[in-house]
Each structure stands twice: as C-alpha cells, then as structure tokens.
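Participant: The amino acid sequence is not available; the structure is as follows:
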C-alpha cells in the first residue's frame, strides 16, 4: 500500500532517528521547509525528492510513488 509523500518522509526520518535539523544539514534544505513537506502543506520538487532520498538512504522511486497519491 502506497503512503502519501508527507507521511512517508516523516516515517522514514523517524525510523532512522534523524532530527529535522540533521536532515536539513544533510540536504541543505531549511528545517522549516522540511517541516512543510512533512506536514503536507508543500510538495517538494523532483530535485528535492532526490536529495531527500539520498539523505534517507531510500530509492527515489519509493518517494515518487508517494507523490503520485497526492
């Protein structure tokens, strides 16, 4: 079952015990912006999804699947 992107991002980050601040440093994306992605109020660009997938060590396709549900 596919999950929505914002739920998937939060779950992956929490499973890896990564704080928003740490993810922000890894991706060079502001913590406030990451919070907006996790809340679902903003949708990341494809380039941003690639950065997030690298930082969270998951295939980008996993996150893109979640984006198609939105």
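Facilitator: That came through fine. If you're wondering where the values come from, they're calculated on a predicted model, not measured in any experiment. Numbering: from 1, shown residues only.
Participant: where does the spatially closest residue to residue 53 that is not a sequence neighbour land on pLDDT?
Facilitator: Distances taken as CB to CB, 6 or more residues apart in numbering place residue 60 nearest to residue 53, at 4.1 Å, with adjacent residues excluded. Every residue, glycine included, has its C-beta placed from N, CA and C. With respect to pLDDT, residue 60 scores 91.
Participant: Wait, residue 13 touches residue 20, no?
Facilitator: Yes. With contacts counted by CB atoms under 8 Å, residue 13 reaches residue 20, the gap being 7.5 Å.
Participant: hey, what's in contact with both of these two?
Facilitator: residue 38 (CB atoms under 8 Å, 6 or more residues apart in numbering).
Participant: I am assuming residue 24 contacts residue 30, so please confirm or correct that.
Facilitator: Yes. Using CB under 8 Å, residue 24 makes contact with residue 30 at a distance of 6.1 Å.
Participant: Number of residues surrounding residue 39?
Facilitator: 11 (other CB atoms under 10 Å).
Participant: One more: residue 15?
Facilitator: Residue 15: 9 neighbours (other CB under 10 Å).
Participant: Please apply the same query to residue 45.
Facilitator: 9.
Participant: repeat for residue 11
Facilitator: That count, for residue 11 with other CB under 10 Å as the rule, works out to 13.
Participant: change the start of the numbering to 496 and stick with it
Facilitator: Sure thing, new numbering starts at 496, so read that last one as residue 506.
Participant: Which pLDDT does the model give it?
Facilitator: 94.
Participant: repeat for residue 547
Facilitator: Residue 547 is given a pLDDT of 97.
Participant: so which helix or strand takes in it?
Facilitator: According to DSSP states H and E, residue 547 maps onto helix 541-551.
Participant: got a list of contacts for the helix or strand following that helix?
Facilitator: The helix or strand immediately downstream of helix 541-551 is helix 555-564, counting by DSSP H and E. Contacts to helix 555-564, defined as CB under 8 Å, 6+ apart, come from residues 497-504, 538, 541, 544-545, 547-548.
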